[in-house]
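Undergrad: I'd like to go over a predicted model; first the sequence, then the structure.
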Amino acid sequence: MRAFVLEQWPARTVFAPGAIAGVGAELRRLGANRVLLVHSRSAGAAAERIATDLGERLALRWGDVAQHVPSELAERARAAARQAGCDAVVCVGGGSAIGLAKAVALTSRVPIVAVPTTYAGSEQTSVYGITGGLHKQTGKDPFVQPRAVVYDPELTLDLPADVTGPSAFNALAHAVEALWAPGANPVTAAVALESVRCIAGALPAVMERPRDLEARGQLLVGAALAGMALGATAPGLHHKICHALGGLHDLVHADAHSVVLPHVVWFNAPDLPEEMARLAAALGRPGDDPAAALVDLAVASHVPTSLSALSGRTGRLQRNELDVVAEEVARDAPVNPRPVDARDVLTILERAYVGHRPARPTS
Ligand code: NAD
């Protein structure tokens, strides 16, 4: 029997098609009168709708967001928010818009209302990240956790396939790692498994029919649950590998999720028979190998399955670059059920490079 402590998610979560209409009410509940509206450029139409609803309560609109929240951008947004006397921030868009809202809230202590339009999950965590040069400083602060999250699946209907697939696999990886990450407990496991069930059930359908509201809704529920599971636990080996790949080769790191996840699952499988059985069942393949089921899901969802197919700023990733990535991951390896060194990471990366369908390990 494992002892555990559970801190309930402090945010209010609202989920409905058309829920964007209630964003103004959420801000009113928080007593906000001078609102900063942060939005991804691609979420401009949704931002316009919120701006109209807010009327005079809109103090500042900010459409300049960037991946990984550059510190210079965070400083500019903070200064503008201060000057405008903002007492709350609403963000609409992907993890980049939410990340910038968190950077503002970190120093100004104003509450956030988040309206996510991707599946990143940041809206359900108290984790922030700000990048200075090549270094990303991350931390946890309860003040940056959005006080209300408004999920509106209609806002995701036009999310392009090349964002939808990788972003959904990012969420799936958060849910899968939450099954064994530090902080995992029976409640987070139930949330994570339901997340896996929703994402695996909906993603192939969404890729076939991007404007299927029912399937988009199920996928967004899965992403919301993945965010909750992540918020209560921590990212693990999978995310460490994807970040290292992104950093060293400037790959679009979201593209690595569907490639790496099956092989991290394969690596951990011998130490986690119970978790693997539950994962396979949540993937709709009871009794089967969950690593193989994840590859099949990636294929059905038309997302990458081999590292050799991914390109970064400097072209395709070469096999002889994997050593550097393995060393970097092992230098500061995350807590993992199975001890992991550079050789193990290299094994995972080499399997991911060719992208073969994992078979159950024998040891
Ligand atoms: P993102 O916000 O950059 O969005 C990805 C792409 O999707 C962008 O091109 C964006 O313009 C586009 N997009 C967003 N919404 C759209 C819409 N409705 N229609 C069309 N296009 C749309 O990135 P992301 O993948 O959402 O999030 C990744 C970022 O979030 C990373 O910086 C990551 O570190 C961070 N993150 C943080 C946490 C946390 O807990 N702090 C958790 C997960 C992710």
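TA: Received the coordinates, thanks.

Undergrad: how many neighbours does the residue of the stretch 251-363 of the chain found nearest the ligand have?
TA: Relative to the ligand, the nearest point of the stretch 251-363 of the chain is A254 (5.4 Å; CB to the nearest ligand atom). Quick note: C-beta positions are derived from backbone N, CA and C, even for glycine. A254 has 24 neighbours, counted by other CB atoms under 10 Å.

Undergrad: Give the closest residue to it in space, chain neighbours not counted.
TA: In space, not counting the residues next to it along the chain, A254 is nearest to P166; the distance is 3.7 Å by CB to CB, 6 or more residues apart in numbering.

Undergrad: Quick check: residues of the stretch 51-200 of the chain near the ligand?
TA: Counting by CB under 6 Å from any ligand atom, the positions of the stretch 51-200 of the chain adjacent to the ligand are 67-68, 93-97, 99, 117-118, 120-122, 125, 127-129, 155-156, 158-159, 163, 167.

Undergrad: Now do the same contact list for the residue of the chain most remote from its centre.
TA: Within the chain, E56 marks the point farthest from the mean C-alpha position, 33.2 Å out by CA atoms, centre = their mean. When contacts are counted by CB atoms under 8 Å, 6 or more residues apart in numbering, E56 is found next to no other residue.

Undergrad: In a helix, it, correct?
TA: Yes. Per DSSP: H, G, I helix; E, B strand; the rest coil, E56 lies within a helix segment.

Undergrad: Please tell me how far it sits from the ligand.
TA: E56 is 27 Å from the ligand, where distance means CB to the nearest ligand atom, to the nearest Å.

Undergrad: Just the strands from the stretch 101-250 of the chain, written as ranges.
TA: Along the stretch 101-250 of the chain, the segments classed as strands by DSSP state E, counting those that start in this stretch run 112-116, 127-132, 135-140, 148-151.

Undergrad: Is the ligand within reach of stretch 295-307?
TA: No. Under the criterion of CB under 6 Å from any ligand atom, the ligand is not reached by stretch 295-307; the shortest gap measures 13.4 Å.

Undergrad: and that stretch, how far apart are its ends?
TA: End-to-end span of stretch 295-307 (CA to CA, to the nearest Å): 13 Å.

Undergrad: That stretch: which residues count as buried?
TA: Within stretch 295-307, the residues that count as buried by 16 or more other CB atoms under 10 Å are V295, D296, L297, A298, S301, H302, V303, P304, T305, S306, L307.

Undergrad: what's the spacing between that stretch and its chain's center?
TA: 18 Å (CA atoms, centre = their mean, to the nearest Å).

Undergrad: residue closest to the middle of the protein?
TA: A120 (2.8 Å).

Undergrad: which one is that residue nearest to, not counting chain neighbours?
TA: Counting by CB to CB, 6+ apart, G95 is the residue found nearest to A120 once chain neighbours are left out, at 3.4 Å.

Undergrad: With G287 instead?
TA: Distances taken as CB to CB, 6+ apart put A280 closest to G287, at 6.7 Å, once the chain neighbours are dropped.

Undergrad: Okay, and which of the buried residues of stretch 295-307 map to helices?
TA: Among the buried residues of stretch 295-307, the residues falling in helices (DSSP state H) are V295, D296, L297, A298.

Undergrad: which residues does the last one contact?
TA: So that's A298. Neighbour list for A298: F169, S258, V259, P262, P304, T305 [criterion: CB under 8 Å, 6+ apart].

Undergrad: Out of the residues you listed, the closest to T107 would be?
TA: Proximity of those to T107, judged by CB to CB, is greatest for F169, which lies at 32.8 Å.

Undergrad: Would you confirm that that closest one contacts L261?
TA: Yes. Between F169 and L261 a contact is recorded at 6.7 Å, counting by CB atoms under 8 Å.

Undergrad: Close to the ligand: what parts of the stretch 251-363 of the chain are there?
TA: Counting by CB under 6 Å from any ligand atom, the residues of the stretch 251-363 of the chain close to the ligand are A254.

Undergrad: quick one on the thing from earlier: list the contacts for the residue nearest to the centre of the chain?
TA: Under the criterion of CB under 8 Å, 6+ apart, the contact partners of A120 comprise G94, G95, I98, S167, N170, A171, A223, G227.

Undergrad: Tell me the spacing between it and A359.
TA: Counting by CB to CB, to the nearest Å, the gap between A120 and A359 amounts to 32 Å.

Undergrad: thinking again about what came up before, please list only the buried members of the residues of the stretch 51-200 of the chain next to the ligand.
TA: Judged by neighbour count, with 16+ other CB under 10 Å as the criterion, the buried members of these are 68, 93-97, 99, 117-118, 120-122, 125, 127-128, 155-156, 159, 163, 167.

Undergrad: Helix, strand, or coil at V38?
TA: Under three-state DSSP, V38 falls in the strand class.

Undergrad: Next, count neighbours for the closest residue to it other than its chain neighbours.
TA: In this structure, V38 finds its nearest non-sequential neighbour in C91, 4.3 Å apart by CB to CB, 6+ apart. Here the number of neighbours of C91 (other CB under 10 Å) works out to 34.

Undergrad: before we move on, back to that, now pLDDT too, for the contacts of A120, in CSV please.
TA: Conversion of the contacts of A120 to CSV gives the following (pLDDT from 0 to 100):
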residue, pLDDT
G94, 97
G95, 96
I98, 98
S167, 97
N170, 97
A171, 98
A223, 98
G227, 97
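
Undergrad: Among these, which lie within helices?
TA: Here DSSP H is the test, and the contacts of A120 give G95, I98, S167, N170, A171, A223, G227 as lying in helices.
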